[in-house]
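**Student:** Provided below are the primary sequence and the corresponding predicted coordinates.
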Amino acid sequence: MEFDLSWILLGLPVAFVLGWLASRFDLRQLRAENRRAPKAYFKGLNFLLNEQQDQAIDAFIEAVQNDPDTSELHFALGNLFRRRGEYDRAVRVHEHLLSRGDLSRTDRERAQHALALDFLKAGLLDRAEDALHRLEGTPFEAQARLALLAIYERSRDWPHAATIARKMHDADQGDFSTRQAHYLCEQALALIAQGDLPAAQALLEQAVAAAPEAARARIELARLQRLMGQPAAVLATLKTLGERNPAALPLAAPLMVEAATASGRTAEVHGLLQAHYEQAPSLDVLESIVAMEAADAATSGSARQRYVEHLDKERSLVAAAKWLATEKLEHEEFHPQVQRALEHAVKPLTRYRCAACGFEARQHFWQCPGCQTWDSYPARRVEEL
């Protein structure tokens, strides 16, 4: 059978027309999809700016379905889920991004960081810890280490917290020497509770070496020395504290008085406290001076005069209440009622207040129970701020 070339001549134009029609159809479909994706994206953006997060999420989901390879849309969608508290959906979005083989290194690191934030917000600290460790050597390293530090502090894992703080300090990501001293002090307190005083002393001495200007390490060391029956060492430690960090001396003044009495060096300590008080009047230092003078028969009646002199320097309701407690009034029968009312009024003034969040407490904290900030409590009472 002979091949008829006329069929080829007839088929070529038909094939050309069909191919042209198919290409036009694909082009129209592609253009329609491209128009739908930006439209959905801008619609979602508009909803987001108007704080309509539900509608924004629906619009972004539509955009992602139309163009699943757009990583920016996935990031926007994941962040929206996290802000709404839908952490499981945020995790799925970011894990989907990490599973893609075509994702650039920059976007992969960004997705890993976003996933770590999802776990943090969801309270899944073990999974967050693993995700944050994967960010070592990335542009998110410093942020990841700070988050790890917060995790270890929250779980009171002081050895791991100290390791992270040391890494950040060595990498010039901040001065974490004082933070490292706090971690060593926390570990020392745990050892003291277990009765291992020599090991606790070694850690506290490390803390002093790590942050010589920090107050806590020396105060905790002095307390341990008192527990070990070493009043002379207590005084030596606290004298150094007064030289290196005089603002913190009010916290240590009662301990100094106790050590001075135990070692028979009351005159020396009285002079040190008096000199400090003259430079920076403080209620706690004043109380320590009054306590020392009350124990001395020669100066036992000078408390009233001390409070009056303090009132000349500072307008202190606390000092006025203490003066009133030592004074004899004309109407003596009403003195207890007046005294109780005044003591009740000054109680809030004798608290300590966090400089970061304003949380007030009866005792001084090295880490605020409210906002978890370190060294945010001044060594002065509310009235003195």
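**Tutor:** Cool, the structure landed.

**Student:** Okay, now the unreliable bits of this protein?
**Tutor:** The chain contains residues with pLDDT under 70 at 1-70, 296-304, 312, 317, 320, 323-339.

**Student:** Report how many residues lie close to residue 143.
**Tutor:** 16 (other Cβ atoms under 10 Å). Quick note: C-beta positions are derived from backbone N, CA and C, even for glycine.

**Student:** and if you look at residue 233?
**Tutor:** Close neighbours of residue 233, defined as other Cβ under 10 Å, add up to 17.

**Student:** Doesn't it belong to a helix?
**Tutor:** Yes: assessed by DSSP: H, G, I helix; E, B strand; the rest coil, residue 233 belongs to a helix.

**Student:** That one and residue 262, how far apart?
**Tutor:** 11 Å (Cβ to Cβ, to the nearest Å).

**Student:** Give the next helix or strand downstream of whatever helix or strand residue 116 lives in.
**Tutor:** Remark: residue 116 resides in helix 105-122, with elements defined by DSSP states H and E. Using DSSP H and E, the helix or strand that follows helix 105-122 towards the C-terminus is helix 125-133.

**Student:** Direction-wise, compare whichever helix or strand comes after that next one with helix 105-122 and give the angle.
**Tutor:** Following helix 125-133 in sequence order, the next helix or strand is helix 141-154 (DSSP H and E). Per axes from the mean of the first three to the mean of the last three Cα atoms, to 10 degrees, the angle that helix 141-154 makes with helix 105-122 is 20 degrees.

**Student:** Show me what helix 141-154 is packed up against.
**Tutor:** helix 105-122, helix 125-133, helix 158-170 (3 or more Cβ pairs under 8 Å, 6 or more residues apart in numbering; DSSP states H and E).

**Student:** thinking again about what came up before, may I see the buried residues of the helix holding residue 116?
**Tutor:** 107, 109-120, 122 (16 or more other Cβ atoms under 10 Å).

**Student:** Find the nearest non-adjacent residue to residue 90, please.
**Tutor:** Leaving aside its sequence neighbours, residue 90 sits nearest to residue 81 (Cβ to Cβ, 6 or more residues apart in numbering; 3.8 Å).

**Student:** Now name the helix or strand holding that neighbour.
**Tutor:** Short version, using DSSP H and E: residue 81 is in helix 71-83.

**Student:** Format the CA atom coordinates belonging to that helix as PDB.
**Tutor:** Coordinates of each C-alpha in helix 71-83 appear next as PDB, following Å, rounded to 0.1, in the frame of the first residue of the first chain:
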ATOM      1  CA  SER A  71       6.900  30.400  51.000                       C
ATOM      2  CA  GLU A  72       6.000  33.900  52.100                       C
ATOM      3  CA  LEU A  73       2.300  33.000  52.200                       C
ATOM      4  CA  HIS A  74       3.100  30.000  54.400                       C
ATOM      5  CA  PHE A  75       5.100  32.200  56.800                       C
ATOM      6  CA  ALA A  76       2.200  34.800  56.900                       C
ATOM      7  CA  LEU A  77      -0.300  32.000  57.600                       C
ATOM      8  CA  GLY A  78       1.800  30.400  60.300                       C
ATOM      9  CA  ASN A  79       2.300  33.700  62.100                       C
ATOM     10  CA  LEU A  80      -1.400  34.300  62.000                       C
ATOM     11  CA  PHE A  81      -2.200  30.900  63.500                       C
ATOM     12  CA  ARG A  82       0.400  31.500  66.200                       C
ATOM     13  CA  ARG A  83      -1.000  35.000  67.100                       C
END
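
**Student:** Run through the neighbouring helices and strands of that helix.
**Tutor:** Judged by 3+ Cβ pairs under 8 Å, 6+ apart, the packing partners of helix 71-83 are helix 5-49, helix 53-66, helix 87-99, helix 105-122.

**Student:** quick one on the thing from earlier: can you redo the buried residues of helix 105-122 as TSV with distance to residue 253?
**Tutor:** Converted to TSV, those look like this (distance: Cβ to Cβ, whole Å):
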residue	distance to residue 253
107	58
109	52
110	52
111	54
112	51
113	47
114	50
115	51
116	45
117	45
118	49
119	46
120	42
122	46
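
**Student:** Mind telling me the two of those residues farthest from one another?
**Tutor:** With Cβ to Cβ as the measure, no two of the buried residues of helix 105-122 lie farther apart than 107 and 122, at 22.2 Å.
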